[in-house]
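In: pasting the structure only:
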Ligand SMILES: [Zn+2]
């Protein structure tokens, strides 16, 4: 009798545990997914502010919060200025105002397009329910990204990609092999890329040339295609990830643009020593949002940018752009544009010969 009673208790306890675990996994499918994949890190998992933003964009049931299945066209309400629509069939670059983060949209002459980074996810307190990049892409009627580049896995660069993968067709995804150990969001984007039907994932290496359009030369000047890149920084530091940024130089006829991602002085010195005058570019996407540790004098002397674009939010905790970087850019003769002041800007590369 006592044995039967004990057995009943054991069965009831097991049942109760099963129900509790099931409910937990329903409430948090990421947990269930991570457990299945065997990649759940030891709790407590360190979550930085950026990763929190990504996590906050998930509802309790794991579905995307406030992300409409079919995005409504929304007028971009940037702090200053509004989007100018690109017309013509040339090579056009848009430095998209995504607040504090990076996103550059490029129209290629063959009708294909490129998105370098996608800015941050909307923050919890933002009036915007979808990432800033969604407004821009929706307004431009973009339904497909031919080439999506994640320069490096920081949330101000990948946060908007969740929306991109959920709402648009992505054909090619360019990535590094470095992890942001403080965030889960980068893995989420990478999982999305793997699951995206027809999407090819690439790990470009320095020296590679990307064949995106006839008559347009795209050269990779920096990246981390392997995990064992030696660096003065430990792999976990923000600077290490920044210095793994995929750096691209895009040239057409006599015009060129250099996209530095968040790379800092260490990369600039190497590029300046390796490529010298070959760095010369009309347009510079300034490294690391105008941080003090980027846009060094010697580097700018080689690039000689006519115009410098800083992707930066009005409100950021880093003091970006710094006075030092602004002064060095000005001293180098560059006209400075800032997304926090000028909004999104369209720059046709054609005819910008110098
Ligand atoms: Zn950044």
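Out: Structure received. These numbers come from a predicted model, not from an experiment.
In: Quick check: buried residues in stretch 137-157?
Out: Neighbour counts using 16 or more other C-beta atoms under 10 Å place 137-140, 142, 145-157 of stretch 137-157 among the buried residues. C-beta here means a position set from N, CA and C on the backbone, and glycine is covered the same way.
In: and the one helix or strand residue 192 maps to, what other elements does it pack with?
Out: Per DSSP states H and E: residue 192 is located in helix 185-195. Contacts defined by 3 or more C-beta pairs under 8 Å, 6 or more residues apart in numbering; DSSP states H and E place helix 185-195 against helix 49-56, helix 155-158, helix 161-167.
In: weakest of these in terms of mean pLDDT?
Out: Sorting the helices and strands packed on helix 185-195 by mean pLDDT places helix 49-56 lowest, at a mean of 31.
In: what packs against the helix or strand just after it?
Out: For helix 49-56, the succeeding helix or strand toward the C-terminus, using DSSP H and E, is strand 92-95. If you count contacts as 3+ C-beta pairs under 8 Å, 6+ apart, strand 92-95 packs onto strand 104-107, strand 345-348.
In: quick one: which of these has the weakest pLDDT on average?
Out: strand 345-348 (a mean of 68).
In: circling back: if you count neighbours, what's buried in the helix holding residue 192?
Out: Under the neighbour-count criterion of 16+ other C-beta under 10 Å, helix 185-195 has 185, 186, 188, 189, 190, 192, 193 buried.
In: For whatever helix or strand comes next after that helix, which outside residues touch it?
Out: Using DSSP H and E, the helix or strand that follows helix 185-195 in sequence is strand 200-202. Residues outside strand 200-202 that contact it (C-beta atoms under 8 Å, 6 or more residues apart in numbering): 171, 172, 173, 174, 175, 193, 194.
In: If any of the residues you listed are buried, give me the PyMOL selection for them.
Out: To isolate the buried ones among these in PyMOL, judged by 16+ other C-beta under 10 Å, type:
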select buried, resi 171+172+173+174+175+193
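In: Among the contacts of strand 200-202, find me the one that's closest to residue 129.
Out: Distance to residue 129 across the contacts of strand 200-202 (C-beta to C-beta) is lowest for residue 193, with 23.7 Å.
In: What residue in the stretch 251-354 of the chain comes nearest to the ion?
Out: residue 262 (4.4 Å; C-beta to the ion).
In: Am I right that that residue is in a helix?
Out: No - under DSSP: H, G, I helix; E, B strand; the rest coil, residue 262 sits outside any helix and is assigned coil.
In: Count the residues that sit near it.
Out: 27 (other C-beta atoms under 10 Å).
In: Next: residue 176.
Out: 25.
In: ok, now which ones touch it?
Out: 150, 151, 152, 153, 203, 223, 224, 225, 244, 245, 246.
In: rerun that using 6 Å as the cut-off
Out: 152, 223, 224, 244 (C-beta atoms under 6 Å, 6 or more residues apart in numbering).
In: which one is the third one nearest to, not counting chain neighbours?
Out: To tie it back to what came earlier, the one meant is residue 224. Using C-beta to C-beta, 6 or more residues apart in numbering and skipping residues adjacent in sequence, the residue nearest residue 224 is residue 244, 3.6 Å away.
In: just the second one next, same as before
Out: With C-beta to C-beta, 6+ apart as the criterion, residue 223 has its nearest non-adjacent residue at 4.6 Å, and that residue is residue 246.
In: Show me what stretch 185-198 is in contact with.
Out: 51, 54, 153, 155, 158, 161, 165, 170, 173, 180, 199, 201.
In: Local confidence estimate at residue 319?
Out: 90.
In: now swap in residue 85 and tell me
Out: Per-residue confidence (pLDDT) for residue 85: 27.
In: Next one: residue 216 from the ion, what distance?
Out: To the ion, residue 216 is 25 Å away according to C-beta to the ion, to the nearest Å.
In: Could you find the closest non-adjacent residue to that residue?
Out: The spatially closest residue to residue 216, leaving aside those adjacent along the chain, is residue 252, at 4.9 Å (C-beta to C-beta, 6+ apart).
In: ditto for residue 219
Out: In space, residue 219 is closest to residue 249, 4.8 Å off (C-beta to C-beta, 6+ apart).
In: Could you check which helix or strand contains the one you found?
Out: Taking DSSP H and E as the criterion, residue 249 maps to strand 247-252.
In: That strand pairs with which strands, parallel or anti?
Out: strand 216-222 (antiparallel), strand 255-259 (antiparallel) (DSSP bridges).
In: so of these, which one's packed in deepest?
Out: strand 255-259 (a mean of 24; mean count of other C-beta atoms under 10 Å).
In: ok, is it in contact with the ion or not?
Out: No - residues of strand 255-259 are not located near the ion by C-beta under 5 Å from the ion, the shortest gap being 12.6 Å.
In: which residues sit against that strand?
Out: By C-beta under 6 Å, 6+ apart, strand 255-259 touches 93, 116, 248, 249, 250, 281, 282, 283, 284, 285, 349, 352.
In: Who does the fourth one form a beta bridge with?
Out: As for beta bridges, residue 249 partners with residue 219, residue 258 under DSSP bridges.
In: Return the distance of it relative to residue 295.
Out: Using C-beta to C-beta, to the nearest Å, residue 249 is found at 16 Å from residue 295.
In: Please apply the same query to the first one.
Out: Computed with C-beta to C-beta, the distance linking residue 93 and residue 295 is 19 Å.
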